[in-house]
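In: sequence plus predicted model, see below.
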Amino acid sequence: MINTIWFFLIIVGILYGTLSGNLGQINNIILEQAEEGVSFGIGLMGIMAFWMGTMNIAEKSGLIKTISKGLRPIIGFLFPQIPKEHPAERWIVMNFIANMFGVGNGATAFGLKAMKELDALNPDKKRASNAMAMFLIINMSSLQLVPLSVIKIRHDYGAENPTSIIGITLLATFLSTLVAVIVGKIFEGGRRC
Amino acid sequence: MLELLSFSLVPFMVLIIVIHGYIKGVDIYDAFLEGALEGLKTAVKLIPSLIAIFIAIGIFRGSQALDMLITLLNPLTDLTNIPKEVLPLILIRPLSGSGALAAVRDIISHYGPDSLPGILAAVMMGSSETIFYTTSLYYGSVGIKDYRYTLKAALISYVISVFITVTICGLLL
């Protein structure tokens, strides 16, 4: 599916750019965005190294294991395919916690670790497992409790009370995650892997 | 209160982890280096998918194709109770996080932070994620080619949550 979307974005973009006379800009965009991709990746290196390093300490000291124990019932419901005490469980928990508190890059680092562990459990290396799909669907529903970037914008444009949206956002985030879990479970349809 | 918690979380987590590790007798320095190296490797592996996604979305936005799509979809907002001021945001959100943030800024500066579109945009931004980027990044990192129903389910959830958000804001404001 990403094949189709990628194809669609590029083809429609270039064709429409040709028709609307924006073709000249596309040259710049390709140069610019290629560079942006690299610099974003490099920008990610430092912080990913930091989080993976710190979390390796927490992994070795058994701290992550302790934390994820408390959340096992939820994880067990969402990801019935993951065996108990499997490392995937821990990284998923860490990813969810980091997401909730808006530690975006930390969440990415843990999420990628979780994917690696889920991949180890996946019998078909080219095909997503139910657990992977559920993990991503939940991630894409947003778990962040306090949207700091948005509050900053509201503050910049003189909102009466920039943080007044937190309550509604929490409700919306909770409901969107709930919807994501339900939709994910429907698509899963009781299949085991 | 929640804001304070958000700011203090990172230093606090680091503190707890380091202390816990030290007490448990872990070689914390070596453990850090080992994990950090893995973090670097992971970041490098992400760069190809970052470039691919950034370029495709950049072309789609820069050629004004996105604006065309928004114009095409305008009649749809008349059928539903979605204010059409937030339509650009709804379309950009699954594609690009920075693009979506720009759209939020645009809406808030146009209509004011305390207007209905302004608040709606802020809540939508806070309660959704960048779908295509996240999917290709995560699956790309472990070489998954067949995403199965992931994107479909995420998009369906997204559309439902847009309607829920619009309804909530309509009821509470």
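Out: Received the coordinates, thanks.
In: which of the three states applies to the residue sitting furthest away from the middle of chain B?
Out: Note on chain B: the largest C-alpha distance from the chain mean falls to residue B:25, namely 38.7 Å (C-alpha atoms, centre = their mean). Following DSSP: H, G, I helix; E, B strand; the rest coil, residue B:25 is assigned to coil.
In: and the next helix or strand past the top helix by length along chain B?
Out: Ranked by residue count under DSSP state H, the longest helix found in chain B is helix B:28-62. Helices and strands here follow DSSP states H and E; after helix B:28-62, the next one along the chain is helix B:65-79.
In: list the helices and strands the helix or strand just after that following helix packs on?
Out: The first helix or strand that comes after helix B:65-79 along the chain, using DSSP H and E, is helix B:87-92. The helices and strands touching helix B:87-92, judged by 3 or more C-beta pairs under 8 Å, 6 or more residues apart in numbering or on different chains; DSSP states H and E, are helix B:65-79, helix B:97-111, helix B:116-126. (C-beta placed from N, C-alpha, C; glycine too.)
In: any idea which helix or strand carries residue A:12?
Out: helix A:2-20.
In: list the buried residues of that helix.
Out: Going by neighbour count (16 or more other C-beta atoms under 10 Å in any protein chain shown), the buried part of helix A:2-20 is A:2, A:5, A:6, A:9, A:10, A:12, A:13, A:14, A:16, A:17.
In: cool, and stretch B:139-159?
Out: B:139-142, B:144, B:147-151, B:153-158.
In: these two touch, right, residue A:13 and residue B:68?
Out: No - the criterion here is C-beta atoms under 8 Å, and residue A:13 misses it with residue B:68 at 10.3 Å.
In: tell me where the model's unsure across chain A.
Out: In the predicted model of chain A, residues A:1-2, A:102, A:104, A:190-193 satisfy pLDDT under 70.
In: just to revisit the earlier point, identify the farthest-apart pair in the buried residues of helix A:2-20.
Out: Spatially, the most separated pair among those is A:2 and A:17, at 21.8 Å (C-beta to C-beta).
In: pick the most buried one from the helices and strands packed on helix B:87-92.
Out: A comparison of the helices and strands packed on helix B:87-92 by mean neighbour count, using mean count of other C-beta atoms under 10 Å in any protein chain shown, puts helix B:116-126 on top with a mean of 26.
In: got the CA coordinates for the next helix-or-strand element following that helix in PDB?
Out: Next in sequence after helix B:116-126, counting helices and strands by DSSP H and E, comes helix B:131-141. Listed next in PDB are the C-alpha coordinates belonging to helix B:131-141 (Å, rounded to 0.1, in the frame of the first residue of the first chain):
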ATOM      1  CA  ILE B 131       0.400   8.100   9.800                       C
ATOM      2  CA  PHE B 132       2.500   7.500   6.700                       C
ATOM      3  CA  TYR B 133       5.700   8.600   8.100                       C
ATOM      4  CA  THR B 134       5.300   6.400  11.300                       C
ATOM      5  CA  THR B 135       4.200   3.400   9.300                       C
ATOM      6  CA  SER B 136       7.000   3.500   6.700                       C
ATOM      7  CA  LEU B 137       9.600   4.200   9.300                       C
ATOM      8  CA  TYR B 138       8.700   1.400  11.700                       C
ATOM      9  CA  TYR B 139       8.000  -1.200   9.100                       C
ATOM     10  CA  GLY B 140      11.000  -0.100   7.000                       C
ATOM     11  CA  SER B 141      13.300  -0.600  10.000                       C
END
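In: pull the residues that contact helix B:131-141.
Out: A:2, A:5, A:108, A:111-112, A:115-116, A:128, A:132, A:135-136, A:139-140, B:42, B:45-46, B:48-50, B:52-53, B:57, B:94-97, B:145, B:147, B:150-151, B:154-155, B:158 (C-beta atoms under 8 Å, 6 or more residues apart in numbering or on different chains).
In: identify the residues contacting the most centrally placed residue in chain A.
Out: For chain A, residue A:139 is the residue whose C-alpha lies nearest the centre (C-alpha atoms, centre = their mean; 4.3 Å). Applying C-beta under 8 Å, 6+ apart to residue A:139 gives the contacts A:95, A:99, A:107, A:111, B:129, B:134, B:138.
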